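**Student:** I need the structure of the sequence given here:
(2 chains)
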Amino acid sequence: MNRRVLIAIAVLALAGALAFAARPHQTTADERVDQITAELRCPVCQGLSVKDSTSETARQMRDLVAQRVREGKTDAEIEAEFRDAYGEWIFLAPPVASWTGLVWLAPVAALAAGLAIVVGRLRSTGVPQRAEPSSTEIAALRERVAREEAAEG
Amino acid sequence: MLARVARIVVVVAILGLVVTLALAFRRDPHDIRTGTVNKPAPAFTLQRLDGSGDLSLADLSGKVVVVNFFASWCVPCIQENPALVRVYERYRGSDVVILGVNFQETHENAIGYVQRMGITWPTVADDDGRVALSYGVFSPPETYFIGPDGIIAGRHIGPIDEETLVTAIEKLRGQASSR
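**Tutor:** Residues are numbered from 1 along each chain as shown, chains lettered A, B, ... in the order given. Sure, this is the predicted structure:
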């Protein structure tokens, strides 16, 4: 009984903690800056986001994003400002909606094409069937077994 | 049937990739036409490096403006400077203005560089980098050609030579005079 009560309390406590952690909360200004700069490409780095880069240019970009957040600009407005200056290149992930969405679509299409080729090939050739031995082969095998037994015996 | 369609899709995809790469490799890496090209030049007012007050891009309206982003720590900037000096002398007193925008360094270093390299055209300090960011600058040297109408007509990434400068300037002057 005591054990069941303890387990129930533990489950309830875990559920409560998860619910508390997942509760909806107002995003802070710092969190918004982090979210936006994580999506922006550092212009002087190799594949690094503005958030992760320690370069001077990235620092200036973070300062600009922080200022725009303080000014009450929306994420879309801030992103548009960088898009106007640098084009879509400035975003680490290409947008799905434009022609660059092909970047996302191409691997899926390639996988589907590969699967189709494999399926098509299997269907055309068929799965190889295991053939039953003929009566002549069975007779030859029996004769061989008898010979070996005689040799041992 | 399915395999045949898939094979056609693969061939078309490979051809598409080849065409895309062929077109991409034909582009001049010094002339990336994204972002601010063919759009109005972002306005700015910056402090002059020589301490003689502010300079506003709006004050240069109606002129051909060559905006050159530079820094003393930038080796290609040193390489391109003689071409800028010659072009500045060629158009001195005309409707062409060369404007140097200093990029990510201290005033002391910038002033020392300007004096050392014989730069006599106007130079300004972009201390917080906001102007460079608004123009979409990656790293110096970068040169922007702004027409008398205030539109950015072209951009050159990396060290620029005299011929490229003169060609771009004359093209803009020709457009202005034909209007």
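
**Student:** only C-alpha atoms from now on, for both contacts and neighbour counts.
**Tutor:** Noted.

**Student:** can you pull the phi/psi pair for A:Ala146?
**Tutor:** phi -60, psi -40 (degrees, to the nearest 10).

**Student:** neighbours of it, how many?
**Tutor:** A:Ala146 has 12 neighbours, counted by other C-alpha atoms under 10 Å in any protein chain shown.

**Student:** cool, and A:Glu149?
**Tutor:** Neighbours of A:Glu149 under the rule other C-alpha under 10 Å: 10.

**Student:** enumerate the residues of chain B near chain A.
**Tutor:** B:1-4, B:6-7, B:9-10, B:34-36, B:104, B:128-130, B:133-139 (C-alpha under 8 Å from any C-alpha of the partner chain).

**Student:** now intersect those with the helices, please.
**Tutor:** Using DSSP state H, the subset of the residues of chain B next to chain A located in helices is B:2-4, B:6-7, B:9-10, B:130, B:133-135.

**Student:** name the nearest residue to A:Glu88, ignoring sequence neighbours.
**Tutor:** The shortest distance from A:Glu88 to any non-neighbouring residue, by C-alpha to C-alpha, 6 or more residues apart in numbering or on different chains, is to A:Pro94 (7.0 Å).

**Student:** now do the one you found against B:Thr45, distance only.
**Tutor:** Per C-alpha to C-alpha, to the nearest Å, A:Pro94 is found 33 Å from B:Thr45.

**Student:** follow-up on the earlier one: now, of the residues of chain B next to chain A, which are buried?
**Tutor:** Among those, those classed as buried by 16 or more other C-alpha atoms under 10 Å in any protein chain shown are B:3, B:6-7, B:10, B:34-36, B:104, B:128-129, B:133-139.

**Student:** for the helix or strand containing A:Glu77, name the packing helices and strands.
**Tutor:** Under the criterion of DSSP states H and E, A:Glu77 resides in helix A:75-86. Here helix A:75-86 touches helix B:130-135, going by 3 or more C-alpha pairs under 8 Å, 6 or more residues apart in numbering or on different chains; DSSP states H and E.

**Student:** after the helix it packs on, which helix or strand is next?
**Tutor:** As assigned by DSSP H and E, the chain's next helix or strand after helix B:130-135 is strand B:142-146.

**Student:** quick one: strands adjacent to that following strand?
**Tutor:** strand B:64-70 (antiparallel), strand B:152-157 (antiparallel) (DSSP bridges).

**Student:** burial of the nearest residue to B:Thr120 once chain neighbours are set aside, as a residue count?
**Tutor:** Nearest in space to B:Thr120, with sequence neighbours left out and distances taken as C-alpha to C-alpha, 6+ apart, is B:Val114 at 7.7 Å. By other C-alpha under 10 Å, the residues close to B:Val114 number 19.

**Student:** how close does B:Val114 get to chain A?
**Tutor:** From B:Val114 across to chain A, the span is 22 Å (C-alpha to the nearest C-alpha, to the nearest Å).

**Student:** could you look up the SS state of that residue?
**Tutor:** Secondary structure for B:Val114, judged by DSSP: H, G, I helix; E, B strand; the rest coil, is helix.

**Student:** same thing with A:Gln46?
**Tutor:** Secondary structure assignment for A:Gln46 (three-state DSSP): coil.

**Student:** now it. Its backbone dihedrals?
**Tutor:** Dihedral angles (degrees, to the nearest 10) for A:Gln46: phi -100, psi 100.

**Student:** distance of it relative to A:Leu40?
**Tutor:** Taking C-alpha to C-alpha as the measure, A:Gln46 falls 12 Å from A:Leu40.

**Student:** on that earlier part again, next, the residue nearest to A:Glu88: secondary structure please.
**Tutor:** Three-state call for A:Pro94 (three-state DSSP): coil.

**Student:** just want the most central residue of chain B.
**Tutor:** Closest residue to the average C-alpha location of chain B: B:Thr143 at 2.1 Å, with C-alpha atoms, centre = their mean.

**Student:** pretty sure that residue contacts B:Cys77?
**Tutor:** No. At 10.6 Å, B:Thr143 does not count as touching B:Cys77 under the criterion of C-alpha atoms under 8 Å.
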